[in-house]
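# Make a model of this:
(one chain, ligands or ions: 1)
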Amino acid sequence: MKVMVGVSGGIAAYKAAEVVRALQRQALEVRVVMTEGAQKFIQPLTFAALTGHKVITSLWPTGESEDASMDASIEHIAEAQWADALVVAPATAGILAKFAHGMADDFLTTMYLATTAPVLVAPAMNVNMWEHPATQANLELLKQRGVRVIEPGSGHLACGMVGPGRLAEPEFIANAVLNALGRSHDLAGETVLITAGGTREALDPVRFLGNRSSGKMGYALAEAAQSRGAKVILISAPSALYPPAHCELVKVTTAEEMRNAVLSRMTEATLVIKSAAVADYKPSFVADQKLKRTGPLTIEFLPTEDILAEVVRQRKPGQLIVGFAAETENAQANGRAKLLRKGVDAIVVNDVSREGVGFDADLNGATFLTATTAIDFPDMPKRALADRILDEVVGLRRPQSLLVEMSSAAMSSSGTNDVSRLESSVEIDGEVFVAGPGSRRQIIFE
Ligand code: PMT
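Here you go, the predicted structure:
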């Protein structure tokens, strides 16, 4: 989804860079429009570098190279149509007044009038300006017109005063945007335990046996689950990544440490997702001292414990368990065999033999397998894939009664109970569920 960030001219304008990053972390495409005042506080170049897009700084062509054609002068209409949401952060008292009174004298104010997308404003200003009846009246007017106001925080302000007027935290603003976009908190109340990264097994005090997992997939899942309202416990093997803010990070190194961490925390979890690349073998002997090069070396390996299988054995009622499968051949068939062997609810199979996806890459593509379904996800950024996976996981929580209702609707509309020939859809509570070959047909008949 696409978000236009409007930056107006206050001291908090520099914080808009953090807002842009917070939105991007939610897999949103972001562009920026700046008022003239904002450009006194922060350079457009900062936002151009962050977003990879030209920053809009004026209603009119600004340079000789710029096209002064009709197309350029109606860009605000195109941008207004492009954006799924407009968020102004920081919103000064001046911009709030212009919005409230329909004063369209620059790109941002013109776009505000032209857009039909949800509009959010995150005010930041001096406490007296914030409390002034004119500002409050403008805010009231905007709220009545459907503009969402992200209340400022209280504290020490740049002007030296104390009180309300600080720009809300970037993550808070990003969450408000997600809500406005209708991205629901469909994991609210869930505790999600996620494993990430690649475990390491020591050979001697300085060497280890490892794998190429960067942790990107697991950390993306942690961020996505958190932004959908879940409490997240992230059990991570070594990774260079920063964990998402507010998730609980448990650092481990070896497969055994990961096992202990997972088993000791899994009773808290309503959903377990195992995206870590766990060593299948460890050396039978770890040298006390650094091994010397004295000729050929033979190392005996012993299998590690299968954590996922143990998690399935210890599962509590209602707990969903999702595994990953990293395959280099016959991905789907091997993934399905793994799903059945391990007894998980679903498995995310990725073909890790392909260039540029999978291990240590920013992109990944996968197939989400349950006992009876296969849903293909094309290559995409891991953060976007994380959301697609969670969409399917949330789908697994649908009540059986709904599935039965869907299956009877599918059967009666097709006049057959041969599942391979069913093709139907049913609308329940305003949501359309498709029951047909290649879709959720088989889930219905589980
Ligand atoms: O970290 P990235 O660089 O972003 O890369 C992401 C990834 C490629 C590592 C990820 O998408 C992935 O495929 N993770 C699973 C890797 C793996 O170990 O797959 P596997 O097929 O060997 O294991 C199957 C499942 O059993 C996995 O859920 C694994 O966590 C689990 N397992 C494996 C061995 C073991 N001893 N205990 C386990 O629980």
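# how about the strands of the stretch 101-250 of the chain, start to end?
Secondary structure of the stretch 101-250 of the chain (DSSP state E, counting those that start in this stretch): strands at 119-123, 148-149, 153-156, 162-166, 191-196, 201-202, 208-209, 231-236, 248-251.
# Turn those into CSV, columns for mean pLDDT and distance to the ligand.
In this view, the C-beta of every residue, glycine as well, is placed from N, C-alpha and C. Below are the strands of the stretch 101-250 of the chain laid out as CSV (pLDDT from 0 to 100; distance: least, Cβ to the nearest ligand atom, whole Å):
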stretch, mean pLDDT, distance to the ligand
strand 119-123, 97, 32
strand 148-149, 94, 34
strand 153-156, 82, 35
strand 162-166, 84, 36
strand 191-196, 98, 6
strand 201-202, 98, 11
strand 208-209, 96, 13
strand 231-236, 97, 10
strand 248-251, 97, 15
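# Columns mean neighbour count on top of those, output as JSON lines?
Formatted as JSON lines, these follow (neighbours: other Cβ atoms under 10 Å):
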{"stretch": "strand 119-123", "mean neighbour count": "26"}
{"stretch": "strand 148-149", "mean neighbour count": "18"}
{"stretch": "strand 153-156", "mean neighbour count": "12"}
{"stretch": "strand 162-166", "mean neighbour count": "18"}
{"stretch": "strand 191-196", "mean neighbour count": "27"}
{"stretch": "strand 201-202", "mean neighbour count": "18"}
{"stretch": "strand 208-209", "mean neighbour count": "16"}
{"stretch": "strand 231-236", "mean neighbour count": "24"}
{"stretch": "strand 248-251", "mean neighbour count": "16"}
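# Mind putting these into TSV with distance to residue 291?
Shown next, in TSV, are these (distance: least, Cβ to Cβ, whole Å):
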stretch	distance to residue 291
strand 119-123	57
strand 148-149	62
strand 153-156	56
strand 162-166	57
strand 191-196	30
strand 201-202	11
strand 208-209	12
strand 231-236	28
strand 248-251	26
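# Looking at these, spot the one closest to residue 32.
Across the strands of the stretch 101-250 of the chain, the minimum distance to residue 32, taken as Cβ to Cβ, is reached by strand 119-123, at 14.1 Å.
# pretty sure residue 213 contacts residue 358?
No. Contact criterion Cβ atoms under 8 Å: residue 213 and residue 358 do not qualify, at 9.3 Å.
# Excluding chain neighbours, what is closest to residue 39?
On the basis of Cβ to Cβ, 6 or more residues apart in numbering, the spatially nearest residue to residue 39 that is not a chain neighbour turns out to be residue 57, at 6.1 Å.
# Now do the contacts for that neighbour.
If you count contacts by Cβ atoms under 8 Å, 6 or more residues apart in numbering, residue 57 has them with 33-34, 36, 39, 44, 107.
# let's see 7 Å
Residues in contact with residue 57 (Cβ atoms under 7 Å, 6 or more residues apart in numbering) are 34, 39, 44.
# and the gap between residue 198 and the ligand?
7 Å (Cβ to the nearest ligand atom, to the nearest Å).
# likewise residue 228?
Computed as Cβ to the nearest ligand atom, the residue 228 to the ligand distance reads 19 Å.
# pretty sure that residue contacts residue 187?
Yes. If you go by Cβ atoms under 7 Å, residue 228 and residue 187 touch, sitting 4.1 Å apart.
# joint contacts of these two?
Residues touching both residue 228 and residue 187 (Cβ under 7 Å, 6+ apart): residue 390.
# just to confirm, which helix or strand has residue 50 in it?
Here residue 50 sits within helix 44-51, counting by DSSP states H and E.
# how about the strands in the stretch 251-400 of the chain?
Secondary structure of the stretch 251-400 of the chain, counting by DSSP E, counting those that start in this stretch: strands at 271-274, 281-283, 301-303, 320-327, 346-351, 363-369, 374-381.
# CA atoms of the first one as CSV?
What follows is the C-alpha trace of strand 271-274 in CSV, where atoms were taken according to Å, rounded to 0.1, in the frame of the first residue of the first chain:
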residue,chain,number,x,y,z
LEU,A,271,1.4,-19.6,17.7
VAL,A,272,4.9,-20.9,17.0
ILE,A,273,6.7,-20.1,13.7
LYS,A,274,10.0,-21.8,13.2
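# Establish whether that strand and the ligand are in contact.
Yes. Judged by Cβ under 6 Å from any ligand atom, strand 271-274 comes into contact with the ligand through residue 274.
# now for that strand, which elements pack on it?
Other helices and strands packing on strand 271-274, by 3 or more Cβ pairs under 7 Å, 6 or more residues apart in numbering; DSSP states H and E, are strand 191-196, strand 320-327.
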